[in-house]
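Student: what would the 3D arrangement of this be:
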Amino acid sequence: MAAVLSKVVDATSVLFSLTVTVAVPLIDSQVVLPTGLYPASFVRVNRWFAAEFDHYLLADPPPFFRDLIWLLLTFLWPVCIANLYAVITRRCRLIATSSLMAGVFMLTYMSALFGEMLGSRRATPKLVGFYTPFAVVAATLVLRGLCSYSKLHGPDTIGWVASSAQKKRV
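Tutor: Numbering: from 1, shown residues only. Alright, predicted model coming up:
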């Protein structure tokens, strides 16, 4: 059962990282970069999404939302690329670290978005529903990173601190 759950979490992590790796530079970055840099089809997708989900932050981005997008581009995007690399090359420590970093970042990002959307009362249920799975995936990534970290270091060690069984006896 645990092996199946682990595979599902790994698949979710890969799907999330792949989505971020593609969507952030092609779609989300249109908030902060000139739309002339993008093919017309990507601009249309972005406008359709803003209209379809009544995404008022995307339609008229306030400064804090622009800053969040810059953070997506400069931090989360490279971490998700590293996560994909780690999964492909089966580097367990890097998977644990990049999953934890991506999850914590997304939980922080989602907290800001949900705080704005629910606090302003401008968000539609459809928009909140769109972002809810991302919050669930973020929490899953944090748990995956923490669980992987504890497996890598064992129950008696915390990173650089050796357990009493590993200490040299005098």
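Student: ok, residue 118 to residue 142 distance?
Tutor: 21 Å (C-beta to C-beta, to the nearest Å). (C-beta placed from N, C-alpha, C; glycine too.)
Student: higher neighbour count, the two?
Tutor: Neighbour totals were compared for residue 118 and residue 142, and residue 142 leads with 19 against 11 (other C-beta atoms under 10 Å).
Student: what's the burial count for the residue nearest to residue 117 when sequence neighbours are not counted?
Tutor: Using C-beta to C-beta, 6 or more residues apart in numbering and skipping residues adjacent in sequence, the residue nearest residue 117 is residue 123, 3.4 Å away. Summarising burial for residue 123: neighbours were counted as other C-beta under 10 Å, giving 22.
Student: the helix or strand bottoming out on mean pLDDT in the chain packs against which elements?
Tutor: Ranked by mean pLDDT, DSSP states H and E, the weakest helix or strand in the chain is helix 125-153, scoring a mean of 85. Helix 125-153 sits against helix 2-26, helix 92-120, with contacts defined as 3 or more C-beta pairs under 8 Å, 6 or more residues apart in numbering; DSSP states H and E.
Student: now render those as TSV, adding distance to residue 134 and mean pLDDT.
Tutor: Putting the helices and strands packed on helix 125-153 into TSV (distance: least, C-beta to C-beta, whole Å; pLDDT from 0 to 100) gives the following:
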stretch	distance to residue 134	mean pLDDT
helix 2-26	8	87
helix 92-120	6	92
